[in-house]
Structure formats: C-alpha cells, structure tokens
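Participant: model this:
(one chain, ligands or ions: 1)
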Amino acid sequence: MTIMLYCPNCRDQFEDWVKKCPDCQIKLVDRLLETKKENEPLVNLTTAPNEGIAVMWSDILKDNGVRSLIKNAAMNIYVQTYGSPYELYVLEPDIEKAKKILEPFLEQGQ
Ligand SMILES: [Zn+2]
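Facilitator: The predicted structure follows:
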C-alpha cells in the first residue's frame with residue numbers, strides 16, 4: 001500500500017517519496033490536520049536563518065509533540081535555498097508551547 005502525503009496548503013496528494021509540494025514549496029504531511037483541529041489556523045512561530053536550522057527546530061518540536069510546517073520565505077522564486085530564511089508555522093493552540101520549547105534555541109540563534 002502506498003502512503004499518500006498531502007500538501008497542507010493546496011491539499012494536493014503525492015506518493016510518500018515526495019517531500020515538498022512543487023507549487024507551495026512546503027513540507028508534505030502524512031494526513032490532513034486532525035479533525036478536531038481542522039479549524040485551527042496556522043500561525044507564524046519564528047523565522048530560521050536557513051533550512052538546516054528550520055528542520056532542526058521542527059524536529060525538536062516534533063519530539064515534544066508539536067507539529068510544525070516549514071515555509072521557504074523566498075517561495076515562488078527560483079534561487080539557491082542555502083542561507084535563505086525559513087519560516088516555521090504551528091497551529092495556533094500550540095504556539096505558546098512551541099515558543100517555550102524553542103526558547104533556548106531562539107536566543108542562541110540571534
Ligand atoms: Zn501545495
């Protein structure tokens with residue numbers, strides 16, 4: 001059985017070897033937002049200086065049970081991604097928890 005991944009933005013579906021939506025340039029997720037949180041808006045958590053740090057912060061959040069999405073702030077522009085800022089998004093109810101988790105890292109990175 002092929003696991004389908006979804007773009008949380010445009011909701012297109014992809015086989016699971018695709019990691020990013022080609023239109024939105026954001027990370028695909030393994031299911032659409034859980035029903036009970038379907039109406040919770042995504043909110044901007046912070047901006048990471050590059051993709052490596054964005055992915056690291058996202059992993060830290062995941063380890064703490066907070067789902068997040070990464071958006072290339074330079075989306076829709078064909079540029080080398082190295083060094084371009086990446087924005088992290090979490091669901092609104094998770095934002096305070098997410099900020100607390102990332103607090104030590106955010107202070108370090110700035
Ligand atoms: Zn998309």
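Participant: switch to C-alpha atoms for all contacts and neighbour counts from now on
Facilitator: Will do.
Participant: okay, how far is it across stretch 89-100, tip to tip?
Facilitator: Between the start and the finish of stretch 89-100 there is a gap of 14 Å, counting by Cα to Cα, to the nearest Å.
Participant: For that stretch, which outside residues touch it?
Facilitator: Outside of stretch 89-100, the residues within contact range by Cα atoms under 8 Å, 6 or more residues apart in numbering are 40-46, 61, 66-71.
Participant: Sort the residues you listed by pLDDT and name the bottom one.
Facilitator: Comparing pLDDT over the contacts of stretch 89-100, residue 40 scores lowest. The value there is 75.
Participant: so how far is residue 20 from residue 10?
Facilitator: Distance of residue 10 to residue 20, given as Cα to Cα: 12 Å.
Participant: nearest spatial neighbour of the residue most central in space within the chain, skipping sequence neighbours?
Facilitator: Nearest to the mean C-alpha position of the chain, by Cα atoms, centre = their mean, lies residue 69 at 1.2 Å. Using Cα to Cα, 6 or more residues apart in numbering and skipping residues adjacent in sequence, the residue nearest residue 69 is residue 89, 5.0 Å away.
Participant: and if you look at residue 13?
Facilitator: Nearest residue to residue 13, sequence neighbours excluded (Cα to Cα, 6+ apart): residue 6, at 4.5 Å.
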